[in-house]
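>>> Here is my input; please provide its structure:
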Amino acid sequence: MDWSTYVTPQLRREARFGDRVVPLFKDRPAGIWAMVEEAAARNGDGEALVCGAVRLSWREVAETAARIAGGLQARGLRPGDRLALLLGNRIEFVLTLFAAAKLGLITVLLSTRQQTPEIAYVLKDCGARLLLHEAALADRLPAAADTPELEGRIAVDDHPQRSSFAALADHAAHEARVEVAEEDTAMILYTSGTTGRPKGAMLAHCNIVHSSMIYEACLGLTPADRSIAAVPLGHVTGVVANITSMARCAGTLIIMPEFKAGEYLKLAARERVTYTVMVPAMYNLCLLQRDFDSHDLSCWRIGGFGGAPMPVATIERLAAKIPGLRLVNAYGSTETTSPATLMPSELTARHIDSVGLPCPGASILVMDGQGRELPRGEIGEIWIGGGQVIKGYWNNPTATAESFTAGYWHSGDLGSVDADNFVRVFDRQKDMINRGGLKIYSAEVESVLASHPAVVESAIIARPCPVLGERVHAVVVTREPMSAEALRSWCAERVSDYKVPETLTVTSDPLPRNANGKVMKRQLRETLTA
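So this is what the prediction gives:
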């Protein structure tokens with residue numbers, strides 16, 4: 001089974017990035033700015049961006065972004081220069097992203113959660129010439145001596161009446177067409193690597209266009225769709241699943257500065273939202289709101305999720321409360337420009353243990369430690385190929401060579417592909433627990449805990465053991481007081497005895513997550529062994 005059962009995208013194989021041959025959409029825009037121009041021509045008067053009281057049409061977005069591009073050019077920026085953004089979820093983020101694409105700049109996305117040493121490293125590594133930042137984060141910026149190539153810093157909202165950023169849009173629109181090749185890098189997103197320095201993933205224009213068209217084709221997105229951006233825009237999900245996918249379909253992006261479940265429900269109802277992508281914990285937090293049923297969410301038709309399994313109980317509760325909502329599991333990463341697999345919504349409940357089918361044009365291999373493909377159903381490392389796979393890491397040929405083979409990215413995830421082509425992801429290689437030779441995949445135990453009505457979320461990690469090497473420990477967030485023994489008994493009835501957590505931390509505090517929304521298990525392990 002594959003996505004051709006549901007959609008019929010016109011793909012063709014093309015040579016890309018030197019030695020790759022990958023399927024890409026045959027008829028596609030040439031880059032990000034071309035998608036903006038097409039949206040303005042197709043739905044010029046339609047709403048494009050909404051954030052608080054500000055509402056912009058696609059025509060206004062194109063015009064404003066062109067003026068900002070003129071302002072950036074006036075500051076001396078030229079195609080290929082790096083423009084860093086240290087901005088949260090706000091309209092300026094989107095407008096600058098589009099302006100940079102028009103001018104042929106490379107946008108470098110920083111997280112507002114990063115601290116001074118991390119910011120300094122990224123700015124120096126990418127050689128950014130200009131930084132746009134939140135005025136409130138000025139105290140986190142590195143000293144000028146630590147970023148010698150950085151020629152300027154522009155604060156957004158640094159003045160009650162007029163920000164420095166506003167001056168960029170006062171310039172004449174940049175009208176000259178910059179020749180941006182499809183393989184040119186459009187953005188650099190630094191991965192949140194668990195060891196060593198983060199790596200700068202280079203997303204090319206063709207990667208982003210292809211992934212945006214995957215969302216459009218597989219989810220049936222149209223100009224009538226209204227997406228709410230509740231995840232950070234500076235993450236690949238925010239950029240592709242929200243910003244550029246809405247540009248591709250000429251729909252509306254409603255920007256939520258910060259996710260709060262109660263506010264999300266109000267915003268989704270007021271703006272008649274039809275589509276969003278969130279992590280499962282965000283759906284659970286929405287369902288916990290006492291006034292959930294008072295909000296009219298009948299327009300909400302697509303609920304994408306990823307980063308963790310969606311508990312069956314959550315699926316059932318959402319189906320009961322929002323019958324028209326189709327839940328779609330999405331699996332991908334920064335290196336795959338977001339989706340590598342998507343689950344057809346009608347199959348989500350029946351294949352809850354799967355992350356879906358390979359997206360149009362994507363290839364999923366399961367490999368052993370010697371780089372040999374394993375038979376269907378066997379567990380190995382997932383390698384991903386296709387038009388959405390990036391060309392490599394900025395200024396890091398060694399990491400690129402280690403992580404890519406003939407256009408396939410080594411994901412580091414342990415998983416399998418069954419006879420019907422459904423992909424399953426069991427664990428990160430580094431997170432698999434080896435208890436005296438018995439392998440335990442945290443996702444399986446976390447799924448069992450998630451089915452308990454009192455559990456909000458959980459994380460399974462290894463506790464060092466001098467005898468067995470590792471033992472199973474669970475950090476469990478509950479919505480009401482629960483004993484560790486009651487949770488152990490719940491697991492014991494549902495999984496093999498060696499998989500049952502031997503020790504548990506039961507808390508009401510949410511699990512620590514990085515900017516991508518993924519649980520930071522390394523931090524939990526460090527806390528456990530401290």
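
>>> Please tell me I have it right and residue 271 contacts residue 254.
Yes - counting by C-beta atoms under 8 Å, residue 271 touches residue 254, with 4.9 Å between them. From N, CA and C alone the C-beta is placed, and that goes for glycine too.

>>> More neighbours: these two, which one.
Shown here are residue 271 and residue 254; by other C-beta atoms under 10 Å, residue 254 has more neighbours (23 against 17).

>>> That one touches residue 274, doesn't it?
No - here residue 254 does not reach residue 274: they are 10.3 Å apart, not a contact under C-beta under 8 Å.

>>> Am I right that residue 410 sits in a helix?
No - counting by DSSP: H, G, I helix; E, B strand; the rest coil, residue 410 is located in no helix; its state is strand.

>>> Tell me the spacing between it and residue 369.
Separation of residue 410 from residue 369 (C-beta to C-beta, to the nearest Å) stands at 11 Å.

>>> Same check on residue 241?
Where residue 369 is concerned, residue 241 sits at a distance of 33 Å (C-beta to C-beta).

>>> Looking at those two, which is more packed in?
residue 241 (29 against 8).

>>> Residue 284 is in what secondary structure piece?
Assessed by DSSP states H and E, residue 284 sits inside helix 280-287.

>>> Which residue, other than its chain neighbours, is closest to residue 156?
Using C-beta to C-beta, 6 or more residues apart in numbering and skipping residues adjacent in sequence, the residue nearest residue 156 is residue 165, 4.5 Å away.

>>> Residue 257: how many residues sit nearby?
Neighbour count of residue 257, defined by other C-beta under 10 Å: 14.

>>> Provide the partner residues of residue 405 in its beta bridges.
residue 408 (DSSP bridges).

>>> mind checking pLDDT for the residue nearest to residue 156?
At residue 165, the model reports a pLDDT of 78.

>>> And the one 10 residues further on, by the same measure?
Residue 175 is assigned a pLDDT of 82 by the prediction.

>>> excluding its backbone neighbours, what's nearest it?
Residue 175 sits nearest to residue 66 (C-beta to C-beta, 6+ apart), 7.2 Å away.

>>> And for residue 85?
Residue 85 sits nearest to residue 132 (C-beta to C-beta, 6+ apart), 5.3 Å away.

>>> so the one you found sits in a helix?
No - according to three-state DSSP, residue 132 belongs to no helix; its state is strand.

>>> Determine the number of other residues adjacent to it.
25.

>>> before we move on, what about residue 137?
18.

>>> what do you get for residue 430?
12.

>>> Just the pLDDT at it, thanks.
pLDDT, residue 430: 75.

>>> Three-state assignment for it, please.
Here residue 430 is helix, with the state taken from three-state DSSP.

>>> I figured it hits residue 442, correct?
No - taking contacts as C-beta under 8 Å, residue 430 lies outside contact range of residue 442: 10.8 Å.

>>> Name the spans of the stretch 51-200 of the chain whose pLDDT lies under the cut-off.
158-164, 192-196 (pLDDT under 70).

>>> now the helices for it?
58-74, 91-103, 116-126, 164-168 (DSSP state H, counting those that start in this stretch).

>>> Nearest to residue 21, out of the ones you listed?
helix 91-103 (26.1 Å; C-beta to C-beta).

>>> can you give me the offset of that closest one from its chain's centre?
Distance of helix 91-103 from the chain centroid (C-alpha atoms, centre = their mean, to the nearest Å) equals 19 Å.

>>> now for it, which elements pack on it?
helix 32-42, strand 47-51, helix 58-74, strand 82-86, strand 106-109, strand 252-255 (3 or more C-beta pairs under 8 Å, 6 or more residues apart in numbering; DSSP states H and E).

>>> how about the ones you listed, which one is nearest residue 483?
strand 252-255 (42.1 Å).

>>> Can you pull the domain assignment for the protein?
40-46+58-180, 432-529 (automatic domain parsing).

>>> helices or strands up against the helix holding residue 284?
Short answer (3+ C-beta pairs under 8 Å, 6+ apart): helix 280-287 packs on helix 261-270, strand 302-305, helix 312-321, strand 455-465.

>>> Let me have the ones you listed in TSV, extended by mean pLDDT, mean neighbour count and distance to residue 508.
As requested, the helices and strands packed on helix 280-287 are exported to TSV (pLDDT from 0 to 100; neighbours: other C-beta atoms under 10 Å; distance: least, C-beta to C-beta, whole Å):
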stretch	mean pLDDT	mean neighbour count	distance to residue 508
helix 261-270	97	17	15
strand 302-305	96	22	23
helix 312-321	90	15	19
strand 455-465	91	21	8
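
>>> so which of the ones you listed gets nearest residue 496?
Among the helices and strands packed on helix 280-287, strand 455-465 sits nearest to residue 496 (C-beta to C-beta), with 13.8 Å.

>>> Each with direction, which strands does the closest one pair with?
strand 469-478 (antiparallel).

>>> Tell me the buried residues in the partner strand?
Buried residues in strand 469-478, counted by 16 or more other C-beta atoms under 10 Å: 470, 471, 472, 473, 474, 475, 476, 477, 478.

>>> which residues touch it?
Contact partners of strand 469-478, identified using C-beta atoms under 8 Å, 6 or more residues apart in numbering, comprise 433-436, 440, 445, 449, 454-465, 482, 487, 498-511, 524, 528.

>>> Just the buried ones from the residues you listed?
433, 435, 440, 445, 449, 454-463, 482, 487, 498-501, 504-506, 511, 524.

>>> and among the domains of the chain, the most buried is which?
domain 40-46+58-180 (a mean of 19; mean count of other C-beta atoms under 10 Å).

>>> First-to-last residue distance for that one?
As for domain 40-46+58-180, its first-to-last residue distance stands at 19 Å under the measure C-alpha to C-alpha, to the nearest Å.

>>> And the residue positioned nearest the centre of the chain, what's its pLDDT?
Centroid-nearest residue in the chain: residue 237, 2.7 Å away (criterion: C-alpha atoms, centre = their mean). We have a pLDDT of 94 for residue 237.

>>> who's in contact with residue 416?
366, 374, 376, 377, 378, 379, 380, 423, 424, 426.

>>> got a winner among these for most neighbours?
Greatest neighbour count in the contacts of residue 416, by other C-beta under 10 Å, goes to residue 423: 25 neighbours.

>>> my guess is that one meets residue 362, correct?
No - when contacts are counted by C-beta under 8 Å, residue 423 is not listed as touching residue 362 (9.7 Å).

>>> what residues are up against the residue lying farthest from the centre of the chain?
For the chain, the residue at maximal distance from the C-alpha centroid (C-alpha atoms, centre = their mean) is residue 467, at 39.2 Å. Contacts for residue 467 (C-beta under 8 Å, 6+ apart) come out as residue 436.

>>> do you know how far it is from residue 492?
For residue 467 relative to residue 492 (C-beta to C-beta), the value is 21 Å.
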